[in-house]
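> Provide a 3D model corresponding to the input given below.
(chains A and B)
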Amino acid sequence: MFEFLSNNQLYIVLFVVLIIWIGLFIYLINVEKKIETIEKLVDSQFKNKGDEK
Amino acid sequence: MKGLIIGSGVILGLVLGFVPSIYRRKPNWWIILTIVLLFTTVFLTFVPFIGSNFATFKFAARNIPNFTGPLYFQVKDVILLDTNNNPKTFKVIISNPRISAVIDTMFVFGEPPNEFQAKQKLIAEVRYNFQLHHFEYIRTIAVNPLLVLPFVPQLGEQIRIMNFHVPCAWVAVIAYLISLVFSIRFLKSRKFEFDDISSASAFLGTIFAILATLTGMLWAKFNWGSFWNWDPRQTSIFVLLLIYLAYFVLRQSIENKELKARLSSVYSIVAFITVPFLVFIMPRLLEGNHPGAANSPNAGPILSSQEGTLNLLQTFGFSFGFLSFTMLFFWLLGLKIRLDHVHKFLLRRKNV
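Numbers count the residues shown, from 1 in each chain, chains lettered A, B, ... in the order given. Below is the predicted model of the structure:
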(Lines give C-alpha, C1' and ligand atoms only; values in the text may rest on other atoms or scores of the structure.)
Protein backbone atom coordinates (compact mmCIF):
# COMPACT_ATOMS: atom_id res chain seq x y z
CA MET A 1 0.00 0.00 0.00
CA PHE A 2 2.73 2.45 1.01
CA GLU A 3 4.78 1.55 -2.04
CA PHE A 4 1.76 1.89 -4.33
CA LEU A 5 1.01 5.34 -2.94
CA SER A 6 4.64 6.45 -3.25
CA ASN A 7 4.64 5.44 -6.91
CA ASN A 8 1.20 6.83 -7.73
CA GLN A 9 1.06 10.08 -5.83
CA LEU A 10 -2.13 11.16 -7.54
CA TYR A 11 -3.97 8.68 -5.32
CA ILE A 12 -2.77 10.59 -2.27
CA VAL A 13 -4.60 13.58 -3.72
CA LEU A 14 -7.63 11.33 -4.22
CA PHE A 15 -7.64 10.34 -0.54
CA VAL A 16 -7.18 13.96 0.57
CA VAL A 17 -10.18 15.00 -1.51
CA LEU A 18 -12.25 12.05 -0.26
CA ILE A 19 -11.49 12.86 3.38
CA ILE A 20 -12.47 16.50 2.86
CA TRP A 21 -15.76 15.56 1.19
CA ILE A 22 -16.56 12.98 3.87
CA GLY A 23 -15.95 15.63 6.55
CA LEU A 24 -18.14 18.15 4.75
CA PHE A 25 -20.95 15.64 4.32
CA ILE A 26 -20.87 14.64 7.98
CA TYR A 27 -21.15 18.33 8.84
CA LEU A 28 -24.02 18.88 6.38
CA ILE A 29 -25.99 15.87 7.62
CA ASN A 30 -25.49 17.14 11.15
CA VAL A 31 -26.81 20.60 10.23
CA GLU A 32 -29.72 18.96 8.40
CA LYS A 33 -30.70 17.03 11.52
CA LYS A 34 -30.39 20.05 13.79
CA ILE A 35 -32.52 22.25 11.54
CA GLU A 36 -35.13 19.50 11.45
CA THR A 37 -35.18 19.35 15.25
CA ILE A 38 -35.56 23.12 15.52
CA GLU A 39 -38.31 23.12 12.88
CA LYS A 40 -40.23 20.46 14.80
CA LEU A 41 -39.73 22.35 18.05
CA VAL A 42 -40.97 25.60 16.51
CA ASP A 43 -43.94 23.81 14.96
CA SER A 44 -44.99 22.19 18.22
CA GLN A 45 -44.45 25.32 20.34
CA PHE A 46 -46.18 27.86 18.13
CA LYS A 47 -48.56 25.65 16.20
CA ASN A 48 -51.79 27.61 16.46
CA LYS A 49 -50.39 31.09 16.87
CA GLY A 50 -50.08 31.84 13.14
CA ASP A 51 -47.16 31.22 10.84
CA GLU A 52 -45.58 34.00 8.82
CA LYS A 53 -46.73 32.43 5.55
CA MET B 1 -23.51 12.85 -28.35
CA LYS B 2 -21.20 14.88 -26.11
CA GLY B 3 -23.81 17.63 -25.79
CA LEU B 4 -26.50 15.06 -25.02
CA ILE B 5 -24.54 13.47 -22.13
CA ILE B 6 -23.49 16.78 -20.58
CA GLY B 7 -26.93 18.32 -21.17
CA SER B 8 -28.71 15.40 -19.51
CA GLY B 9 -26.48 15.80 -16.43
CA VAL B 10 -27.36 19.49 -16.28
CA ILE B 11 -31.11 18.97 -16.73
CA LEU B 12 -31.32 15.98 -14.37
CA GLY B 13 -29.56 18.06 -11.70
CA LEU B 14 -32.08 20.88 -12.11
CA VAL B 15 -35.07 18.52 -12.07
CA LEU B 16 -33.84 16.61 -9.00
CA GLY B 17 -33.10 19.92 -7.29
CA PHE B 18 -36.81 20.75 -7.24
CA VAL B 19 -37.73 17.34 -5.72
CA PRO B 20 -39.77 17.40 -3.50
CA SER B 21 -39.62 21.21 -3.42
CA ILE B 22 -36.95 23.83 -3.10
CA TYR B 23 -37.58 24.62 0.58
CA ARG B 24 -38.79 21.35 2.04
CA ARG B 25 -36.48 18.80 3.66
CA LYS B 26 -34.78 16.60 1.10
CA PRO B 27 -35.65 12.90 1.51
CA ASN B 28 -32.90 10.54 2.67
CA TRP B 29 -32.59 8.81 -0.70
CA TRP B 30 -31.97 12.21 -2.28
CA ILE B 31 -29.15 13.02 0.15
CA ILE B 32 -27.55 9.60 -0.32
CA LEU B 33 -27.82 9.97 -4.11
CA THR B 34 -26.05 13.35 -3.93
CA ILE B 35 -23.21 11.90 -1.85
CA VAL B 36 -22.85 8.86 -4.13
CA LEU B 37 -22.82 11.06 -7.25
CA LEU B 38 -20.19 13.36 -5.78
CA PHE B 39 -17.94 10.45 -4.87
CA THR B 40 -18.46 9.01 -8.36
CA THR B 41 -17.29 12.34 -9.78
CA VAL B 42 -14.22 12.27 -7.51
CA PHE B 43 -13.38 8.72 -8.64
CA LEU B 44 -13.92 9.48 -12.32
CA THR B 45 -11.61 12.46 -11.86
CA PHE B 46 -8.72 10.83 -10.05
CA VAL B 47 -8.68 7.12 -10.85
CA PRO B 48 -8.19 7.11 -14.66
CA PHE B 49 -4.81 7.58 -16.29
CA ILE B 50 -4.33 10.22 -18.96
CA GLY B 51 -3.36 8.97 -22.40
CA SER B 52 -3.02 10.79 -25.67
CA ASN B 53 -4.01 9.53 -29.10
CA PHE B 54 -1.44 9.72 -31.93
CA ALA B 55 -2.83 12.79 -33.67
CA THR B 56 -3.11 14.90 -30.51
CA PHE B 57 0.38 13.86 -29.41
CA LYS B 58 1.93 14.88 -32.73
CA PHE B 59 0.02 18.16 -32.64
CA ALA B 60 1.44 18.90 -29.18
CA ALA B 61 4.96 17.79 -30.18
CA ARG B 62 4.86 20.11 -33.19
CA ASN B 63 3.92 23.11 -31.05
CA ILE B 64 5.80 22.55 -27.77
CA PRO B 65 9.63 22.31 -27.85
CA ASN B 66 11.14 19.12 -26.30
CA PHE B 67 7.66 17.80 -25.66
CA THR B 68 7.27 14.49 -23.82
CA GLY B 69 3.88 13.16 -22.76
CA PRO B 70 1.69 10.11 -22.13
CA LEU B 71 0.76 8.11 -25.24
CA TYR B 72 -1.96 5.46 -25.15
CA PHE B 73 -1.25 2.63 -27.58
CA GLN B 74 -1.51 -1.08 -28.23
CA VAL B 75 1.59 -3.16 -28.97
CA LYS B 76 1.33 -5.10 -32.24
CA ASP B 77 4.84 -6.40 -32.81
CA VAL B 78 8.34 -6.00 -31.37
CA ILE B 79 11.22 -6.24 -33.88
CA LEU B 80 14.93 -6.26 -33.01
CA LEU B 81 16.78 -3.88 -35.31
CA ASP B 82 20.53 -3.93 -36.07
CA THR B 83 22.21 -6.14 -33.44
CA ASN B 84 25.51 -4.26 -33.77
CA ASN B 85 24.09 -1.20 -32.08
CA ASN B 86 24.84 -0.72 -28.43
CA PRO B 87 22.41 -0.47 -26.72
CA LYS B 88 20.19 -2.67 -28.90
CA THR B 89 17.39 -0.84 -30.64
CA PHE B 90 13.90 -2.31 -30.95
CA LYS B 91 11.26 -1.21 -33.38
CA VAL B 92 7.76 -1.62 -31.98
CA ILE B 93 4.72 -1.54 -34.24
CA ILE B 94 1.94 0.11 -32.30
CA SER B 95 -1.69 0.81 -33.06
CA ASN B 96 -4.47 2.94 -31.68
CA PRO B 97 -6.06 0.81 -28.90
CA ARG B 98 -9.57 1.66 -30.07
CA ILE B 99 -9.05 1.65 -33.86
CA SER B 100 -6.46 -1.01 -34.69
CA ALA B 101 -6.16 0.19 -38.31
CA VAL B 102 -4.33 3.33 -37.17
CA ILE B 103 -0.69 2.20 -37.01
CA ASP B 104 2.55 3.92 -36.05
CA THR B 105 6.07 3.00 -34.96
CA MET B 106 7.95 3.41 -31.69
CA PHE B 107 11.66 2.93 -30.98
CA VAL B 108 12.86 1.42 -27.72
CA PHE B 109 16.55 1.87 -26.97
CA GLY B 110 17.79 -1.05 -24.88
CA GLU B 111 15.89 -4.19 -23.87
CA PRO B 112 12.13 -3.42 -23.99
CA PRO B 113 10.36 -3.91 -20.64
CA ASN B 114 8.27 -7.06 -19.98
CA GLU B 115 5.01 -5.31 -20.67
CA PHE B 116 5.91 -4.88 -24.36
CA GLN B 117 3.99 -7.93 -25.58
CA ALA B 118 1.57 -8.23 -28.45
CA LYS B 119 -2.01 -7.04 -27.79
CA GLN B 120 -0.93 -5.35 -24.55
CA LYS B 121 -2.39 -1.87 -24.11
CA LEU B 122 0.02 0.62 -22.56
CA ILE B 123 0.36 4.24 -21.57
CA ALA B 124 3.99 5.31 -21.81
CA GLU B 125 5.82 8.57 -21.61
CA VAL B 126 7.30 9.11 -25.09
CA ARG B 127 8.68 11.80 -27.35
CA TYR B 128 8.21 12.19 -31.09
CA ASN B 129 11.13 12.29 -33.49
CA PHE B 130 10.12 14.48 -36.44
CA GLN B 131 13.19 13.68 -38.57
CA LEU B 132 12.65 9.91 -38.53
CA HIS B 133 8.87 9.99 -37.91
CA HIS B 134 8.66 7.67 -34.94
CA PHE B 135 7.90 7.78 -31.22
CA GLU B 136 10.73 7.19 -28.73
CA TYR B 137 9.97 5.29 -25.54
CA ILE B 138 11.00 6.87 -22.19
CA ARG B 139 9.08 4.99 -19.44
CA THR B 140 5.88 3.05 -18.86
CA ILE B 141 3.09 4.76 -16.94
CA ALA B 142 0.31 2.14 -16.98
CA VAL B 143 -0.31 -1.38 -18.30
CA ASN B 144 -3.77 -2.30 -19.60
CA PRO B 145 -5.43 0.73 -18.01
CA LEU B 146 -9.17 0.27 -17.46
CA LEU B 147 -10.08 3.93 -17.63
CA VAL B 148 -8.27 6.50 -19.75
CA LEU B 149 -8.88 10.24 -19.79
CA PRO B 150 -8.05 12.20 -22.94
CA PHE B 151 -4.93 14.28 -23.29
CA VAL B 152 -5.55 17.95 -24.09
CA PRO B 153 -2.23 19.68 -24.97
CA GLN B 154 -3.14 22.90 -23.21
CA LEU B 155 -4.13 21.07 -20.01
CA GLY B 156 -2.34 17.72 -19.61
CA GLU B 157 -2.91 16.36 -16.10
CA GLN B 158 -4.82 19.53 -15.28
CA ILE B 159 -7.81 18.29 -17.29
CA ARG B 160 -8.96 16.69 -14.02
CA ILE B 161 -9.66 20.20 -12.66
CA MET B 162 -12.44 20.50 -15.24
CA ASN B 163 -14.77 18.19 -13.28
CA PHE B 164 -14.81 20.55 -10.26
CA HIS B 165 -13.95 24.03 -11.47
CA VAL B 166 -16.43 24.25 -14.36
CA PRO B 167 -19.41 22.89 -12.33
CA CYS B 168 -18.62 25.53 -9.65
CA ALA B 169 -19.00 28.31 -12.22
CA TRP B 170 -22.07 26.61 -13.66
CA VAL B 171 -23.75 26.31 -10.26
CA ALA B 172 -23.18 30.04 -9.75
CA VAL B 173 -25.12 30.69 -12.97
CA ILE B 174 -27.96 28.38 -11.84
CA ALA B 175 -28.04 30.10 -8.45
CA TYR B 176 -28.32 33.54 -10.03
CA LEU B 177 -31.04 32.23 -12.35
CA ILE B 178 -33.04 30.91 -9.39
CA SER B 179 -32.52 34.25 -7.67
CA LEU B 180 -34.00 35.95 -10.75
CA VAL B 181 -36.98 33.59 -10.93
CA PHE B 182 -37.90 34.05 -7.27
CA SER B 183 -37.38 37.81 -7.51
CA ILE B 184 -39.98 37.89 -10.27
CA ARG B 185 -42.28 35.70 -8.21
CA PHE B 186 -41.85 38.03 -5.24
CA LEU B 187 -42.68 41.11 -7.31
CA LYS B 188 -45.80 39.37 -8.59
CA SER B 189 -47.11 37.94 -5.33
CA ARG B 190 -45.38 40.08 -2.64
CA LYS B 191 -44.79 36.94 -0.55
CA PHE B 192 -41.66 37.47 1.51
CA GLU B 193 -40.65 33.81 1.44
CA PHE B 194 -39.85 34.25 -2.27
CA ASP B 195 -37.56 37.13 -1.43
CA ASP B 196 -35.79 34.93 1.16
CA ILE B 197 -35.22 32.20 -1.45
CA SER B 198 -33.95 34.80 -3.92
CA SER B 199 -31.38 36.23 -1.51
CA ALA B 200 -30.27 32.79 -0.23
CA SER B 201 -29.73 31.67 -3.81
CA ALA B 202 -27.73 34.79 -4.73
CA PHE B 203 -25.63 34.25 -1.59
CA LEU B 204 -24.78 30.64 -2.51
CA GLY B 205 -24.20 31.66 -6.13
CA THR B 206 -21.65 34.20 -5.00
CA ILE B 207 -19.89 31.58 -2.85
CA PHE B 208 -19.66 29.22 -5.82
CA ALA B 209 -18.48 32.05 -8.10
CA ILE B 210 -15.72 32.87 -5.59
CA LEU B 211 -14.77 29.17 -5.45
CA ALA B 212 -14.59 29.06 -9.26
CA THR B 213 -12.41 32.19 -9.23
CA LEU B 214 -10.05 30.83 -6.57
CA THR B 215 -9.66 27.41 -8.20
CA GLY B 216 -9.16 29.16 -11.53
CA MET B 217 -6.49 31.40 -10.03
CA LEU B 218 -4.57 28.43 -8.66
CA TRP B 219 -4.69 26.78 -12.06
CA ALA B 220 -3.71 30.04 -13.80
CA LYS B 221 -0.57 30.30 -11.69
CA PHE B 222 0.73 27.02 -13.09
CA ASN B 223 -0.66 27.33 -16.60
CA TRP B 224 -0.28 31.03 -17.38
CA GLY B 225 2.43 32.06 -14.91
CA SER B 226 0.61 34.28 -12.43
CA PHE B 227 -2.48 34.12 -10.26
CA TRP B 228 -4.18 37.11 -11.85
CA ASN B 229 -3.68 38.08 -15.49
CA TRP B 230 -6.77 40.18 -16.29
CA ASP B 231 -7.65 37.51 -18.82
CA PRO B 232 -11.15 38.13 -20.28
CA ARG B 233 -12.46 35.19 -18.22
CA GLN B 234 -10.97 36.59 -15.01
CA THR B 235 -12.09 40.14 -15.76
CA SER B 236 -15.64 39.01 -16.48
CA ILE B 237 -15.99 36.96 -13.29
CA PHE B 238 -14.52 39.87 -11.34
CA VAL B 239 -17.18 42.21 -12.74
CA LEU B 240 -19.83 39.57 -12.02
CA LEU B 241 -18.70 39.30 -8.40
CA LEU B 242 -18.74 43.09 -8.03
CA ILE B 243 -22.30 43.23 -9.39
CA TYR B 244 -23.55 40.62 -6.93
CA LEU B 245 -21.57 42.00 -4.00
CA ALA B 246 -23.41 45.28 -4.64
CA TYR B 247 -26.65 43.28 -4.31
CA PHE B 248 -25.75 42.37 -0.72
CA VAL B 249 -24.64 45.91 0.05
CA LEU B 250 -28.03 47.09 -1.20
CA ARG B 251 -29.86 44.59 1.00
CA GLN B 252 -27.87 45.48 4.08
CA SER B 253 -28.39 49.21 3.63
CA ILE B 254 -32.20 49.21 3.72
CA GLU B 255 -34.04 48.74 7.01
CA ASN B 256 -37.60 48.70 5.73
CA LYS B 257 -38.48 45.08 5.00
CA GLU B 258 -40.88 45.77 2.16
CA LEU B 259 -38.59 48.26 0.43
CA LYS B 260 -35.56 46.00 0.90
CA ALA B 261 -37.30 43.05 -0.73
CA ARG B 262 -38.72 45.14 -3.58
CA LEU B 263 -35.49 46.97 -4.47
CA SER B 264 -33.26 43.92 -4.19
CA SER B 265 -35.66 41.89 -6.35
CA VAL B 266 -35.50 44.51 -9.08
CA TYR B 267 -31.73 44.67 -8.72
CA SER B 268 -31.44 40.88 -8.95
CA ILE B 269 -33.40 40.90 -12.23
CA VAL B 270 -31.20 43.62 -13.72
CA ALA B 271 -28.03 41.91 -12.45
CA PHE B 272 -28.92 38.60 -14.06
CA ILE B 273 -29.09 40.22 -17.50
CA THR B 274 -25.29 40.54 -17.36
CA VAL B 275 -24.69 36.89 -16.36
CA PRO B 276 -25.04 35.17 -19.76
CA PHE B 277 -22.97 37.91 -21.37
CA LEU B 278 -20.18 37.83 -18.77
CA VAL B 279 -20.01 34.03 -18.37
CA PHE B 280 -20.80 32.63 -21.80
CA ILE B 281 -20.35 35.33 -24.44
CA MET B 282 -17.60 37.83 -23.59
CA PRO B 283 -14.83 35.32 -22.74
CA ARG B 284 -15.51 33.53 -26.03
CA LEU B 285 -15.53 36.68 -28.15
CA LEU B 286 -12.19 38.01 -26.87
CA GLU B 287 -8.75 36.47 -27.23
CA GLY B 288 -7.32 35.08 -24.01
CA ASN B 289 -5.60 32.19 -22.25
CA HIS B 290 -8.63 30.41 -20.87
CA PRO B 291 -9.76 27.34 -22.89
CA GLY B 292 -12.64 28.41 -25.11
CA ALA B 293 -11.30 31.91 -25.79
CA ALA B 294 -11.56 33.20 -29.34
CA ASN B 295 -7.95 32.21 -30.18
CA SER B 296 -7.90 28.76 -28.55
CA PRO B 297 -7.79 25.77 -30.93
CA ASN B 298 -11.14 24.00 -31.55
CA ALA B 299 -13.13 26.38 -29.35
CA GLY B 300 -11.78 24.71 -26.18
CA PRO B 301 -12.21 21.10 -25.10
CA ILE B 302 -15.90 21.32 -24.16
CA LEU B 303 -17.30 22.79 -27.34
CA SER B 304 -14.69 21.25 -29.66
CA SER B 305 -16.15 19.29 -32.55
CA GLN B 306 -12.89 17.40 -33.09
CA GLU B 307 -13.13 13.65 -32.44
CA GLY B 308 -11.42 12.46 -29.26
CA THR B 309 -10.88 15.85 -27.62
CA LEU B 310 -13.05 14.63 -24.78
CA ASN B 311 -13.55 10.87 -24.75
CA LEU B 312 -16.69 9.16 -23.46
CA LEU B 313 -15.25 8.75 -19.95
CA GLN B 314 -14.31 12.40 -19.56
CA THR B 315 -17.70 13.43 -20.95
CA PHE B 316 -19.43 11.27 -18.33
CA GLY B 317 -17.16 12.52 -15.55
CA PHE B 318 -17.91 16.07 -16.57
CA SER B 319 -21.64 15.39 -16.73
CA PHE B 320 -21.52 13.76 -13.27
CA GLY B 321 -19.68 16.85 -12.03
CA PHE B 322 -22.52 19.09 -13.24
CA LEU B 323 -25.17 16.76 -11.82
CA SER B 324 -23.58 16.29 -8.40
CA PHE B 325 -22.61 19.95 -7.91
CA THR B 326 -26.12 21.08 -8.91
CA MET B 327 -27.62 18.68 -6.36
CA LEU B 328 -25.14 19.79 -3.70
CA PHE B 329 -26.15 23.37 -4.40
CA PHE B 330 -29.85 22.58 -3.99
CA TRP B 331 -29.13 20.76 -0.73
CA LEU B 332 -27.22 23.77 0.64
CA LEU B 333 -29.91 26.13 -0.64
CA GLY B 334 -32.66 24.15 1.09
CA LEU B 335 -30.71 24.20 4.36
CA LYS B 336 -30.12 27.95 4.14
CA ILE B 337 -33.73 28.76 3.28
CA ARG B 338 -35.07 26.62 6.15
CA LEU B 339 -32.58 28.06 8.62
CA ASP B 340 -33.39 31.64 7.57
CA HIS B 341 -37.09 30.85 7.84
CA VAL B 342 -36.86 29.52 11.40
CA HIS B 343 -34.51 32.32 12.38
CA LYS B 344 -36.85 35.03 11.12
CA PHE B 345 -39.83 33.37 12.74
CA LEU B 346 -38.14 33.17 16.14
CA LEU B 347 -36.90 36.75 15.88
CA ARG B 348 -40.43 37.98 15.25
CA ARG B 349 -41.76 35.94 18.16
CA LYS B 350 -39.14 37.52 20.37
CA ASN B 351 -40.12 41.02 19.30
CA VAL B 352 -43.89 40.53 19.78
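
> please count neighbours and contacts with C-alpha atoms only from this point.
Noted.

> quick one, phi psi at B:Val148?
phi -130, psi 130 (degrees, to the nearest 10).

> show me where the stretch 201-350 of chain B dips below the pLDDT cut-off.
Flagging of the stretch 201-350 of chain B using pLDDT under 70 yields the residue ranges B:297-300, B:305-308.

> how about the residues of it that lie near chain A?
Residues of the stretch 201-350 of chain B lying near chain A by C-alpha under 8 Å from any C-alpha of the partner chain: B:Leu335, B:Arg338, B:Leu339, B:Val342, B:Phe345.

> so who does B:Asp82 touch?
Contacts for B:Asp82 were tallied using C-alpha atoms under 8 Å, 6 or more residues apart in numbering or on different chains; they are B:Lys88, B:Thr89.

> now with 6 Å, please.
By C-alpha atoms under 6 Å, 6 or more residues apart in numbering or on different chains, no residues touch B:Asp82.

> re the thing from before, which ones among the residues of the stretch 201-350 of chain B next to chain A map onto helices?
B:Leu335, B:Arg338, B:Leu339, B:Val342, B:Phe345 (DSSP state H).

> wait, a helix at B:Ala118?
No: according to DSSP: H, G, I helix; E, B strand; the rest coil, B:Ala118 belongs to no helix; its state is coil.

> from what I see, it and B:Val75 are in contact.
Yes: with contact defined as C-alpha atoms under 6 Å, B:Ala118 counts as touching B:Val75 (5.1 Å).

> can you say which of the residues of the stretch 201-350 of chain B next to chain A are buried?
The neighbour-count test (16 or more other C-alpha atoms under 10 Å in any protein chain shown) marks B:Leu335, B:Arg338, B:Leu339, B:Val342 as buried among these.

> tell me the one among those nearest to B:Glu258.
The closest of these to B:Glu258 turns out to be B:Val342 (C-alpha to C-alpha; 19.1 Å).

> returning to that earlier point: counting neighbours, go ahead and name the busier of B:Ala118 and B:Val75.
Set B:Ala118 next to B:Val75 and count neighbours by other C-alpha atoms under 10 Å in any protein chain shown: B:Val75 wins out with 22 against 14.

> and the helices in chain A?
Using DSSP H, helices in chain A cover A:2-7, A:10-45.

> which stretch in the ones you listed has the least confidence?
Lowest mean pLDDT of the helices of chain A: helix A:2-7, a mean of 76.

> and that helix, anywhere near chain B?
No: against chain B, helix A:2-7 shows no contacts by C-alpha under 6 Å from any C-alpha of the partner chain, the least distance being 10.2 Å.

> against B:Thr40, how distant is B:Ile5?
16 Å (C-alpha to C-alpha, to the nearest Å).

> so B:Leu12, which of the three states?
Applying three-state DSSP: B:Leu12 is helix.

> show me what from chain A comes close to chain B.
A:Leu14.

> rerun that using 8 Å as the cut-off
A:10-11, A:14, A:17-18, A:25, A:31-32, A:35-36, A:38-39, A:42, A:51-53.

> if you rank those residues by neighbours, which is first?
A:Glu32 (20 neighbours).

> and for that one, nearest residue in space, chain neighbours not counted?
B:Leu335 (6.7 Å; C-alpha to C-alpha, 6 or more residues apart in numbering or on different chains).

> surely the one you found is in contact with A:Asn30?
No: between B:Leu335 and A:Asn30 there is no contact under C-alpha atoms under 8 Å: 11.1 Å.

> tell me if B:Val78 really is in a helix.
No: counting by three-state DSSP, B:Val78 falls outside a helix, being strand.

> that one and B:Ile35: what is the separation?
From B:Val78 to B:Ile35 the distance is 47 Å (C-alpha to C-alpha).

> for A:Val17, same thing?
13 Å.

> ok, now which ones touch the nearest residue to A:Glu39 once chain neighbours are set aside?
Closest residue in space to A:Glu39, ignoring its immediate chain neighbours: B:Val342 at 6.7 Å, by C-alpha to C-alpha, 6+ apart. By C-alpha under 8 Å, 6+ apart, the residues touching B:Val342 are A:Ile38, A:Glu39, A:Val42.

> closest one of the residues you listed to B:Arg25?
Looking across the contacts of B:Val342 and measuring by C-alpha to C-alpha, the closest to B:Arg25 is A:Glu39, at 10.3 Å.

> please report the distance of that closest one from B:Leu346.
Counting by C-alpha to C-alpha - A:Glu39 and B:Leu346 are separated by 11 Å.

> ok, now which ones touch the closest residue in space to B:Phe49 that isn't next to it in sequence?
Distances taken as C-alpha to C-alpha, 6+ apart place B:Val148 nearest to B:Phe49, at 5.0 Å, with adjacent residues excluded. Applying C-alpha under 8 Å, 6+ apart, we find B:Val148 in contact with B:Pro48, B:Phe49, B:Ile50, B:Gly51, B:Leu313.

> among those residues, which lie within helices?
Going by DSSP H, the helices hold B:Leu313 from the contacts of B:Val148.

> show me the contacts for whatever residue of chain A ends up closest to chain B.
Of all residues in chain A, A:Leu14 sits closest to chain B, at 5.9 Å by C-alpha to the nearest C-alpha. Shown in contact with A:Leu14 (C-alpha under 8 Å, 6+ apart): B:Val42, B:Phe43, B:Phe46, B:Val47.

> surely B:Thr89 and B:Leu81 touch.
Yes: B:Thr89 is within contact range of B:Leu81, at 5.6 Å (criterion: C-alpha under 8 Å).

> which parts of the stretch 51-200 of chain B sit against chain A?
So the stretch 51-200 of chain B meets chain A at B:Lys191, B:Glu193 (C-alpha under 8 Å from any C-alpha).

> pLDDT below threshold where in the stretch 51-200 of chain B?
The stretch 51-200 of chain B contains residues with pLDDT under 70 at B:85.

> can you give me the helices in it?
Remark: helices assigned in the stretch 51-200 of chain B by DSSP state H, counting those that start in this stretch are B:54-63, B:162-189, B:192-223.
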